[in-house]
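In: What shape does this take:
(chains A, B, C and D)
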Number of protein chains: 2
Amino acid sequence: MSLDLVFAALADPTRREILVRLLQGEATVSDMCDPGGLKQPTISKHLKVLEVAGLIASDQRAQRRPRRLQLANMQVLAAWMEPFQRQWDGRFDQLEALSRAQSQKEE
Amino acid sequence: MSLDLVFAALADPTRREILVRLLQGEATVSDMCDPGGLKQPTISKHLKVLEVAGLIASDQRAQRRPRRLQLANMQVLAAWMEPFQRQWDGRFDQLEALSRAQSQKEE
DNA sequence: TTGCTTGACAGCTATATTGCTATCAAGCGA
DNA sequence: TCGCTTGATAGCAATATAGCTGTCAAGCAA
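Out: Here you go, the predicted model:
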């Protein structure tokens, strides 16, 4: 698994849309390419990118190939971001502490 | 703010390294380009990408231009990922419930 | 078998990205 | 002022990416 691949996969709006769509359950390629939108091979290419990044998996049912989410790799992202979240929360706590101290002083 | 820009910015290992470095406090361009690594203009370009994505900000102190983290936009990512986290947690809860039910049956 | 549907893959173009070198501007200090 | 340091910018080559069209293979169904 590579953070590069996962972040790059998520950098495309079409691919994020696909993932959001899959939150509601599995979907096939033709489900995803609505008329007027992107062509089927384009969608397939995006799905490949998501699969290589480990964000989705595909079943094989007859000539259909429904995709479903693979959330473990999304968690790896979350884990990478954790220190930043912590720092963010920390600053917020500091701010809160400051304002608490401030209002005590005002009492 | 654009999710595209933020995810794309994070897709590069050099840029992630820069962000991790900034967790420990601000740093200048020359701080970041250690000898043997990437050249200064390359680092500057990466910093630009991070700045456009809204992940860092720069001060101006004399001819120095220290960068610091801007964590609000990282939080936007976290917010986008939230539904996936929730689904992940949900599945875990289901699994847990299943195994609880299983062990009750075994008693 | 014949034909339809689903989806993969090759190959093309246009554009974006990553590294580099060369150069320049701004600001400090002797 | 003159030089040094810091860092931005322009421009180049190599590679990657996103869309497309054309085509083909696999599997149902008549």
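In: where are the low-confidence patches of chain A?
Out: A:92-107 (pLDDT under 70).
In: Going along the chain, name the helices of chain A.
Out: A:3-10, A:13-23, A:29-32, A:40-52, A:72-106 (DSSP state H).
In: Dump the first one to PDB, restricted to CA.
Out: Listed next in PDB are the C-alpha coordinates belonging to helix A:3-10 (Å, rounded to 0.1, in the frame of the first residue of the first chain):
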ATOM      1  CA  LEU A   3       0.100   6.700   0.400                       C
ATOM      2  CA  ASP A   4       1.200   8.200  -2.900                       C
ATOM      3  CA  LEU A   5      -1.300   6.100  -4.800                       C
ATOM      4  CA  VAL A   6      -4.100   6.600  -2.300                       C
ATOM      5  CA  PHE A   7      -3.800  10.400  -2.200                       C
ATOM      6  CA  ALA A   8      -3.400  10.600  -5.900                       C
ATOM      7  CA  ALA A   9      -6.500   8.500  -6.400                       C
ATOM      8  CA  LEU A  10      -8.500  10.800  -4.200                       C
END
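In: Spell out which parts of chain A neighbour DNA strand D.
Out: Within chain A, the positions lying close to DNA strand D (Cβ under 7 Å from any atom of the strand) are A:8, A:11-12, A:14, A:38-39, A:41-42, A:45-46, A:49, A:62-63. No exception for glycine: its C-beta is placed from N, CA and C like everyone else's.
In: and those, which two are the farthest apart?
Out: A:11 and A:62 (33.5 Å; Cβ to Cβ).
In: which of the helices of chain A is buried the deepest?
Out: helix A:3-10 (a mean of 20; mean count of other Cβ atoms under 10 Å in any protein chain shown).
In: Distance to residue B:81 added to the helices of chain A, as CSV?
Out: Output for these, formatted as CSV (distance: least, Cβ to Cβ, whole Å):
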stretch, distance to residue B:81
helix A:3-10, 9
helix A:13-23, 10
helix A:29-32, 21
helix A:40-52, 15
helix A:72-106, 6
